[in-house]
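Chemist: A structural model of the following input is requested.
(2 chains)
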Amino acid sequence: MNLVEPANPPSRKAPLVWAIGAAIPWLMLAVGQVVWFVISPRLPWVHAVAAAATVLGIVLFVGVVPVWRYRVHRWDIDAKAVYTRAGWLVQERRIAPISRVQTVDTERGPLDQLFGLANVTVTTASSAGAVRIVALDSEVAERVVAQLTDIAALGGEDAT
Amino acid sequence: MTVHAGPVWQRLSPRMLLVHPVHEVLRQIPLLIGSVVLGSATGNPLWGLAGLALIVGYGVARWFTTSYRIDTDEVRLRTGVLQRKVLSVPRNRIRSVSTDARLLHRLLGLTVLRVSTGQEARGDTAFALDAVEASQVPRLRAVLLADSLAPTVEEASGRELARWQPSWLRYSPLSFTGLAMIAAAVGLVYQAGAGAALQNSRLARSGVEAAERFGVVASLIAAAVVVLVASVVLSVLRSLVTYGNLVLRRDAELLHLEHGLLRLREHTFDMRRLRGGTLRQPLLVRLFGGARLDAVMTGVGGAGEASLLLPPCPRATAESVLSGLIARPDVVNGPLRAHGAAATRRRWTRALMLPAVLLIALVALPAPVWLWPVWAALTVCCALLALDRSRALGHRVDAEWLVARAGSLDRRRDCIAAAGIIGWTVRQTLLQRRAGVATLIAATAAGVKSYRVIDVPAELAWTIAAAASPWVADNAWART
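Modeler: Residues are numbered from 1 along each chain as shown, chains lettered A, B, ... in the order given. Got it, this is the predicted structure:
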C-alpha cells in the first residue's frame, strides 16, 4: 500500500514570499557586517570569512530553499481526509481524517497580507497531529476552510 | 453528593491557617534572611520580626482569600491575595482527580486535590484545592467525577493488580536520582555562599592535608567511593519513601494508584480514557530484568509522575499488569517485526560517528599515548550501543494495536490503541531518503501525543499506518 503525492501546489507567489521572508534577516546581518567593517577594518580575513558565510547563507536560504520548498510542498483534501507534504531537507507527509478535525484556522502574516496569501491550520485533539497548509492564495484558502468546515461538521464528537 | 455540593463558595480546611504560614515562611526564606540582616545592620531587631509577621500574615490571608464552588456544570476556584483570579473548569472536561499529601499536610489530616482536564496546565493554571480534609476526599472525588464517569462507580475495593515488594528496591541503586540529589545539595550549599567560606576554613585545610598524606589518587578514589555509596543509599531510600506501600487497584472502570510513605499520593484514572501503555526499560533497569510502566491516556500528561503506573519492577509484573489492562498479551510481549538492514546500518553509522571523528583528531593532533586506550574503550561502548539499538528496533501492528520499540539507554515499548490514533506523519530526512527508510509518527490525543516508529522501510510506512487506521487506505490517494 502506498499513498500517491498530494496534487495541489501552493500559490505561485509562495517562493517569492518565502525568499523575501528569508532575505530580510540575512540582509540585516549583511548590513551589520558592513557597519562592522567600516568601524574596524582590521583582520581582513575574518571579514572575508564572515562575508563568505553570509553570501553562502543568502544563496542557500533566499535562492535555493524557497524553490526547493515549492517543489516539495503539496496539499490535497478529499471527502474523508486532509493530506499534505512539506519541508525541504526534512520532508513530512501528514494525513489526518476530517472526522477528527477540531478547528480550522486561517493565519496571515504581514508578508502574506501584502501578497494575498494565507496559511490554513487544521488541528486535531493531538498536538502532534495538526496539519498546516501554507502559502495558499487567499481565495483558495477560503475555499479550503469552507470545504473543511463543511465536511467536518465541527463539534460533533469528542474526537479523542 | 448533595449537601455541600450546592452552589456556595466554600473555604478550604481551616487547618490550612497553620500550613500556609509555614509554607510561606519556607518559601520566603531569602526575604526573611534579608529582613534579619537589615535588622542586625540597623541595630533594630524589629525589622526581622516585621518581616516574619508580614510573611505569616500573607499566609493567613491566603486562606481567607481562597474559596471554591462546585456548580452543576463547572467548578470554580478563587485565589490571590493581591491579584484576584478565578479559575473555572467545566465539569464534563474533568478527566482525572489526583491527591497529594506532603508530610505537614498528613500530620494535620489534609490532602491536596488536583483536577486534571487534559489541557496542559502548569503552575497557576492548574486547578488544585490546597488543601481539604482527607475525610472529604472520597466525597469530593465522587462529586467531581460524577459528570465524566459512569454513575455506577462506587468506592469499593476492587481487584488489586500490583503491590510493591521489597525486592523492587534492587532496581533503584543504579539510577541516577541519588547522584542528582547529591549534585543538587552541593549546588545549594555553594549558592548559599558556603563554598567561599569552606575554602579558607580549617576543615578544608585539614582535608587537603589528609589528601596529601594519603596521595592524590587514593583520595580521589576514596571520594568517588563515598559519593557512589551515598548515591546508592540515597536512591534506595528515595525509592523506598516514594514507592513503598504502592498499590495499583482496579475497580471496574477506574484505576487507583496509591503510593508514598511520607508524601502520600493517589491517582485515579478513568479506564475508558486508556489508549495503551509504555513499557520503559532504562539500560540499568533492563540489565536486572526490570521495567517500568507508564499509562497512555487522554487527559493525563504523558511523561513523568502523572502517567506512572508502576515504578521499576520485575518485567513480568509490568507486562502482566499491562496485558491485564489492555487484554492483549501478544501486544505486550509478542515478537516484533524488525526494520531491516538499512535501519541497522543507520544505527551503526550514527553510533560510530563520534569515535571516527575522535580518531581523525587523534591522528591529526599530537595526542598523549594514554588517550588511545580511552578511545578504544569508547569505541567498544559505541559499538555495543549500536548493536543494542539496532536489536531493539521493531514494530507490530494490527487493526487494534500499534506497538513500537526503540532505544537502548532508555528503551521503550509503546503500545498504542489504533482507535486512539488521529493522524499519521511520514518523516524523512535527506539521509533517510537516501537510505530508503522513514520515521512513521502516530499522533494521538493521549500520553506524549506522538509515538514514533523509527526507520521503517519507506515502502512499508503507509502500509503500517493503514493496518492500524483503515481510513489511511480509504481515500483518493491510496494505491495498492
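
Chemist: now the strands: where do they sit in the stretch 101-250 of chain B?
Modeler: Along the stretch 101-250 of chain B, the segments classed as strands by DSSP state E, counting those that start in this stretch run B:110-116, B:127-133, B:159-163, B:247-251.

Chemist: who's in contact with B:L264?
Modeler: B:L264 makes contact with B:99-101, B:106, B:111, B:258 under the criterion CB atoms under 8 Å, 6 or more residues apart in numbering or on different chains. For the C-beta atoms, the positions are set from N, CA and C on the backbone; glycine is no exception.

Chemist: select only the buried ones of the residues you listed in ChimeraX?
Modeler: Buried members of the contacts of B:L264, defined by 16 or more other CB atoms under 10 Å in any protein chain shown, are picked up in ChimeraX with:
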select /B:99,100,101,111
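
Chemist: circling back to that earlier point, nearest to chain A, of the strands of the stretch 101-250 of chain B?
Modeler: Nearest to chain A among these is strand B:110-116 (14.1 Å), distances taken as CB to the nearest CB.

Chemist: my guess is B:L46 meets B:S40, correct?
Modeler: No - in this structure B:L46 lies outside contact range of B:S40 using CB atoms under 8 Å: 11.3 Å.

Chemist: what lies in contact with stretch A:98-111?
Modeler: Outside stretch A:98-111, the residues that touch it by CB under 8 Å, 6+ apart are A:17, A:20-21, A:77, A:79-82, A:117-125, A:129, A:138, A:141-142, A:145, A:148-149, A:151-152, A:154, A:156-157, A:159, B:422-423.

Chemist: go on, stretch A:41-55?
Modeler: With CB under 8 Å, 6+ apart, stretch A:41-55 has contacts from A:26, A:29-30, A:33, A:36-37.

Chemist: picking that back up, could you dump the strands of the stretch 101-250 of chain B to a markdown table with distance to chain A and mean pLDDT?
Modeler: Shown next, in a markdown table, are the strands of the stretch 101-250 of chain B (distance: least, CB to the nearest CB, whole Å; pLDDT from 0 to 100):
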| stretch | distance to chain A | mean pLDDT |
| --- | --- | --- |
| strand B:110-116 | 14 | 86 |
| strand B:127-133 | 20 | 84 |
| strand B:159-163 | 24 | 89 |
| strand B:247-251 | 22 | 89 |
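
Chemist: mean neighbour count, those: which tops it?
Modeler: Neighbour counts (mean count of other CB atoms under 10 Å in any protein chain shown) averaged over each of the strands of the stretch 101-250 of chain B peak at strand B:110-116, with a mean of 22.

Chemist: in its sheet, what does that one sit against?
Modeler: Strand pairing for strand B:110-116, using DSSP bridges, gives strand B:96-101 (antiparallel), strand B:127-133 (antiparallel).

Chemist: gap between stretch B:342-360 and the chain center?
Modeler: How far stretch B:342-360 lies from its chain's middle: 31 Å, per CA atoms, centre = their mean, to the nearest Å.

Chemist: chain B contacts on chain A?
Modeler: Listed as neighbours of chain B in chain A under the rule CB under 8 Å from any CB of the partner chain: A:1-6, A:76, A:78, A:80-81, A:83, A:89-97, A:100, A:124-129, A:131, A:159-160.

Chemist: if you set the cut-off to 7 Å instead, what comes out?
Modeler: Counting by CB under 7 Å from any CB of the partner chain, the residues of chain A close to chain B are A:1-4, A:6, A:76, A:78, A:80-81, A:83, A:89-97, A:100, A:124-129, A:160.

Chemist: pLDDT wise, what is the residue nearest the centre of chain A at?
Modeler: What sits nearest the mean C-alpha location of chain A, by CA atoms, centre = their mean, is A:V134, with 4.7 Å. You'll see A:V134 listed with a pLDDT of 93.

Chemist: surely B:L12 is in contact with B:V132?
Modeler: Yes - when contacts are counted by CB atoms under 7 Å, B:L12 is listed as touching B:V132 (6.1 Å).

Chemist: report the contact partners of B:P21.
Modeler: Taking CB atoms under 7 Å, 6 or more residues apart in numbering or on different chains, we find B:P21 in contact with B:56, B:59-60.

Chemist: pretty sure it sits in a helix.
Modeler: Yes - secondary structure of B:P21 (DSSP: H, G, I helix; E, B strand; the rest coil): part of a helix.

Chemist: quick check: it vs chain A, distance?
Modeler: Going from B:P21 to chain A by CB to the nearest CB, to the nearest Å gives 40 Å.

Chemist: turn the strands paired with strand B:110-116 into a markdown table, including distance to B:M297.
Modeler: Shown next, in a markdown table, are the strands paired with strand B:110-116 (distance: least, CB to CB, whole Å):
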| stretch | distance to B:M297 |
| --- | --- |
| strand B:96-101 | 8 |
| strand B:127-133 | 18 |
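
Chemist: now B:L409: closest residue in space that isn't a chain neighbour?
Modeler: Excluding the flanking residues, the one nearest B:L409 by CB to CB, 6 or more residues apart in numbering or on different chains is B:L283, at 5.0 Å.

Chemist: confidence score at that neighbour?
Modeler: pLDDT, B:L283: 89.

Chemist: what do you get for the one 3 residues further on?
Modeler: The score at B:R286 is 91. That number is its pLDDT.

Chemist: kindly report the same for B:P7.
Modeler: 68.

Chemist: now the one 5 residues further on
Modeler: The score at B:L12 is 87. That number is its pLDDT.

Chemist: now B:A361
Modeler: pLDDT recorded at B:A361 is 91.

Chemist: buried residues in the longest helix seen in chain A, which are they?
Modeler: Across chain A, the longest stretch assigned as helix under DSSP state H is helix A:14-39. Within helix A:14-39, the residues scored as buried using 16+ other CB under 10 Å are A:14-19, A:21-23, A:26, A:30.

Chemist: then stretch B:259-272?
Modeler: In terms of neighbour count (16+ other CB under 10 Å), stretch B:259-272 has its buried residues at B:259-260, B:264-270.

Chemist: for the residue nearest the centre of chain B, give its distance to B:D251.
Modeler: Ranked by distance to the mean C-alpha position of chain B (CA atoms, centre = their mean), the top residue is B:G304 at 1.2 Å. B:G304 sits 25 Å away from B:D251, going by CB to CB, to the nearest Å.

Chemist: do the same with B:W477
Modeler: Note on B:W477: its distance to B:D251, by CB to CB, is 45 Å.

Chemist: now swap in B:V22 and tell me
Modeler: 36 Å.

Chemist: over to B:S13?
Modeler: 27 Å.

Chemist: now do B:R139
Modeler: Plainly put, B:R139 is 16 Å away from B:D251 if you go by CB to CB.

Chemist: what does B:R452 give?
Modeler: With CB to CB as the criterion, B:R452 and B:D251 are 34 Å apart.

Chemist: same question for B:L110.
Modeler: 25 Å.

Chemist: over to B:T177?
Modeler: 32 Å.
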